[in-house]
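Chemist: I would like the atomic coordinates for the input below:
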Amino acid sequence: MYMSVIAREAGTETYPELAGARVVVTGLSTVLGVHLARAFADRKATLFLQTDERSPEMVELVALLASTSSDVKLTDFAFSKSFSPTRFAQRAAEELGGLDAVFNLASVTHADMAAVETMEEIEDLIVAKLGPLREITEVAANRMALTWSEGTILNTIVAAAPQTDRDAAILGMVRQALAAMTADLARRWSGDVVRINAVGPKATTLDRMSGACLTSEPDIAALALYLASRKGRTLTGHVFDAEGVSRRGC
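Modeler: As a prediction, the model looks like this:
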């Protein structure tokens, strides 16, 4: 319900207050998060990036971000037992001297959905996608609260458009779990100056009255800028619909 306002302002709003902001982006790849990272780099933010993609294209992207941002730090390791999301978030907070905005990105592909059969496997998929996001959110929100930073956290799950009713059901469960996690985390930090929101896959097209939907990476970047700015400081606990954003695995 806020997207019409955000879309109207995204092309003209410069958000000067974001210059020097300490911004973390996880799950960055050359097909997800590029517009978001560039949006904050263009506003002279300091970026702390996590990616598990090692490619010439990623090297070029980081060089491009470094040409406009205040500073760029890159971690090109996937999360694992030896490099946990918690450890990453703690390291980011230490090296940046605090956190102003955290954007966690993840995707659900057709291959992910095809690989699960039982309810237990679906639950494992949900834990695998949301677990790292929750860990990072808890560490980041706690650090923001301790330092009285008016911070924002946005957890984003994008998905390939469902091809079957089964796909739609799986994405519906992912979104439901994301919504429950977002409500819980936003409530836990409601007494502090930390806002926690999410972007989740729109699993069905039956509800045409749900409001404007994010349909591209520039849409997500515009939302991220709005939430990190002064204008977004009243929004927390919301889940925004995304549809047709992920192209991987289609």
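
Chemist: sheet partners, orientation included, of the helix or strand encompassing S107?
Modeler: Of the helices and strands defined by DSSP states H and E, S107 is found in strand 101-108. Note on strand 101-108: by DSSP bridges, its sheet partners are strand 22-26 (parallel), strand 151-159 (parallel).

Chemist: pick the most buried one from these.
Modeler: Relative to the other members of those, strand 151-159 carries the highest mean neighbour count by mean count of other C-beta atoms under 10 Å, namely a mean of 27. Bear in mind the C-beta positions are built from the backbone N, C-alpha and C, glycine included.

Chemist: convert the C-alpha atoms of that one to CSV, please.
Modeler: Output for strand 151-159, consisting of C-alpha atoms alone and laid out as CSV, is shown next (Å, rounded to 0.1, in the frame of the first residue of the first chain):
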residue,chain,number,x,y,z
GLY,A,151,18.5,1.5,11.7
THR,A,152,16.4,-0.4,9.2
ILE,A,153,16.6,-4.1,8.3
LEU,A,154,14.9,-5.5,5.2
ASN,A,155,14.8,-9.3,4.5
THR,A,156,14.0,-10.1,0.9
ILE,A,157,13.0,-13.5,-0.5
VAL,A,158,12.4,-13.4,-4.3
ALA,A,159,11.2,-16.4,-6.3
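
Chemist: what's the angle from whichever helix or strand comes after that strand to strand 151-159?
Modeler: Using DSSP H and E, the next helix or strand after strand 151-159 towards the C-terminus is helix 165-188. Between helix 165-188 and strand 151-159, the angle formed by their directions is 170 degrees, by axes from the mean of the first three to the mean of the last three C-alpha atoms, to 10 degrees.

Chemist: packing partners for helix 165-188?
Modeler: With contacts defined as 3 or more C-beta pairs under 8 Å, 6 or more residues apart in numbering; DSSP states H and E, the packing partners of helix 165-188 are strand 101-108, helix 110-114, helix 119-146, strand 151-159, strand 194-201, strand 239-242.

Chemist: avg pLDDT for the last one?
Modeler: Computed over strand 239-242, the mean pLDDT rounds to 88.

Chemist: so what secondary structure elements neighbour that strand?
Modeler: Against strand 239-242 (3+ C-beta pairs under 8 Å, 6+ apart) you get strand 151-159, helix 165-188, strand 194-201, helix 217-228.

Chemist: please repeat the previous calculation with a cut-off of 10 Å.
Modeler: With contacts defined as 3 or more C-beta pairs under 10 Å, 6 or more residues apart in numbering; DSSP states H and E, the secondary structure elements packing on strand 239-242 are helix 3-10, strand 151-159, helix 165-188, strand 194-201, helix 217-228.

Chemist: what about stretch 233-242, how long is it end to end?
Modeler: With C-alpha to C-alpha, to the nearest Å applied, stretch 233-242 spans 21 Å between its terminal residues.

Chemist: can you give me the buried ones in that stretch?
Modeler: Along stretch 233-242, these residues count as buried under the neighbour rule (16 or more other C-beta atoms under 10 Å): L235, T236, G237, H238, V239, F240, D241, A242.

Chemist: sorry, back to before: among the helices and strands packed on helix 165-188, which comes closest to F88?
Modeler: helix 119-146 (6.9 Å; C-beta to C-beta).

Chemist: contacting residues for D112?
Modeler: L125, A128, K129, A159, A160, I170, V174, G249 (C-beta atoms under 10 Å, 6 or more residues apart in numbering).

Chemist: ok so, going back, how far off helix 119-146 does the strand holding S107 point, in degrees?
Modeler: When the same axes, to 10 degrees is applied, the directions of strand 101-108 and helix 119-146 differ by 170 degrees.

Chemist: quick one on the thing from earlier: want to throw the strands paired with strand 101-108 into JSON lines with distance to R188 and mean pLDDT?
Modeler: Compiled in JSON lines, those are given as follows (distance: least, C-beta to C-beta, whole Å; pLDDT from 0 to 100):
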{"stretch": "strand 22-26", "distance to R188": "19", "mean pLDDT": "98"}
{"stretch": "strand 151-159", "distance to R188": "12", "mean pLDDT": "96"}
